[in-house]
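In: 3D, please:
(one chain, ligands or ions: 1)
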Amino acid sequence: MDSTAREHMHRRRANFARRTADSHAAFFLPHLRPGMALLDLGCGPGSITVGLAAAVAPGPTTGVDRDPGLPEGGHDITLVPADVHDLPFPDASFDAIFASALLQHVADPLAVLREARRVARPGAVIGLVDADWDGELLHPTNPVLQRSYELMRQMRAGTSPFVGKRLRSLLAEAGFERCEGYARATHHGTPDETRGIGEFTASLFGYPASALRMVTEGWATREEMAEIQGAWRAWGEEPGAFLARFWCEAVGWAP
Ligand SMILES: C[S@@+](CC[C@H](N)C(=O)[O-])C[C@H]1O[C@@H](n2cnc3c(N)ncnc32)[C@H](O)[C@@H]1O
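Out: Here you go, the predicted model:
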């Protein structure tokens, strides 16, 4: 990986690492009890995982990700590099299973939830939180920003950016019961927040692998991507800029 790619990866990871159990798992924390064995699927940099681990301690916490990590500090958490479609655990291993912002990145979320169901003990609780690109509010907007959404959808083909609204139904289909769904909106409406999300979105169009793909697939030219990056940075500096999007949540229990 070259230095630009590494810088983009670090920026994306830093963005996820701001998430905590309080910010992204408040709906799930009331269901956790000390002594539970907890599994965080797609734990990423582990910033949410540590908060969940504190809620089930002294029960064991395991984080699974293709590239798992943990924040600084001594955390009693087992990290397992693995694919969430094929978990290296026996049936009925966990009392609580969690996944934040994972299912939007896979082609078949139901397959992942069936695997989660396999490793859930009888009575285990599962909590999911994920974005849904429907219903996003953006102000102000313009044709360049709108075009960036079109390209982002093309880039995400084969994944599930509209999974949020389906979480409750997918849990039921995977064999969980008493499933409930909720939603909250995240918002970017202060100068720091709009600058941050503007810069983050711009970086998606500067990420070397994405840029190369968009050009080689003939979806966009490098000039167009540079224009999109500029438009997102300019949007972030607009005094009235505002962006809000839905994050959907669901809980259910293994029979
Ligand atoms: C958007 S990040 C979310 C990280 C963390 N859960 C959070 O909310 O901050 C998505 C994570 O899912 C992981 N991931 C995606 N598909 C995966 C798969 N098939 N198996 C394991 N991990 C996967 C990625 O490596 C990434 O760390």
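
In: flag the shaky bits of this structure, pLDDT-wise.
Out: 1-17 (pLDDT under 70).

In: in it, which residue sits nearest the ligand?
Out: Across the chain, no residue is closer to the ligand than Gly44, which sits at 2.6 Å (CB to the nearest ligand atom). Glycine gets a C-beta too; all of them are placed from N, C-alpha and C.

In: how many neighbours does that residue have?
Out: 22 (other CB atoms under 10 Å).

In: shouldn't it be in contact with Pro71?
Out: No. Taking contacts as CB atoms under 8 Å, Gly44 lies outside contact range of Pro71: 11.0 Å.

In: the spatially most central residue of the chain and Arg19: what is the separation?
Out: The chain has Ala101 as the residue nearest its centroid, 1.9 Å off, counting by CA atoms, centre = their mean. The gap separating Ala101 from Arg19 is 8 Å, by CB to CB, to the nearest Å.

In: hang on, the earlier thing: ok, the residue nearest to the centre of the chain - contacts?
Out: Contact analysis of Ala101 by CB atoms under 8 Å, 6 or more residues apart in numbering lists Phe16, Arg19, His24, Gly42, Gly44, Val129, Asp130, Ala131.

In: ok, 7 Å please
Out: Neighbouring residues of Ala101 by CB atoms under 7 Å, 6 or more residues apart in numbering: Asp130, Ala131.

In: next, it: phi, psi?
Out: Backbone torsions of Ala101, given as degrees, to the nearest 10, read phi 60, psi 30.

In: how close does it sit to Glu217?
Out: As defined by CB to CB, Ala101 lies at a distance of 25 Å from Glu217.

In: how about the residues of the stretch 101-250 of the chain by the ligand?
Out: Ala101, Leu102, His105, Val106 (CB under 6 Å from any ligand atom).

In: got a list of what the last one touches?
Out: Just to be clear, that refers to Val106. Shown in contact with Val106 (CB under 7 Å, 6+ apart): Val112, Thr159, Ser160.

In: for the residues you listed, pick the one with the most neighbours.
Out: Within those, most neighbours by other CB under 10 Å means Val112, with 26 neighbours.

In: ok but that residue is inside a strand, no?
Out: No. Going by DSSP: H, G, I helix; E, B strand; the rest coil, the assignment for Val112 is helix, not a strand.

In: ramachandran angles for the closest residue in space to it that isn't next to it in sequence?
Out: For Val112, ignoring the flanking residues on the chain, the nearest one in space by CB to CB, 6 or more residues apart in numbering is Val84 at 5.1 Å. With angles defined as degrees, to the nearest 10, Val84 sits at phi -70, psi -10.

In: likewise Ile48?
Out: The phi and psi values for Ile48, taken as degrees, to the nearest 10, are phi -80, psi -40.

In: likewise Ala209?
Out: According to degrees, to the nearest 10, Ala209 has phi -70, psi -40.

In: before we move on, what about Val163?
Out: phi -80, psi -20.

In: give me the neighbour count for it.
Out: 21.

In: quick one: the strands in the chain?
Out: Per DSSP state E, the chain carries strands over the ranges 38-41, 61-65, 77-81, 94-100, 120-139, 177-188, 242-253.

In: is it possible to get CSV of these that adds mean neighbour count?
Out: Below are the strands of the chain laid out as CSV (neighbours: other CB atoms under 10 Å):
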stretch, mean neighbour count
strand 38-41, 27
strand 61-65, 25
strand 77-81, 15
strand 94-100, 26
strand 120-139, 19
strand 177-188, 14
strand 242-253, 20
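
In: would you list those in a markdown table and tack on distance to Ile48?
Out: Below are the strands of the chain laid out as a markdown table (distance: least, CB to CB, whole Å):
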| stretch | distance to Ile48 |
| --- | --- |
| strand 38-41 | 7 |
| strand 61-65 | 9 |
| strand 77-81 | 11 |
| strand 94-100 | 6 |
| strand 120-139 | 9 |
| strand 177-188 | 14 |
| strand 242-253 | 13 |
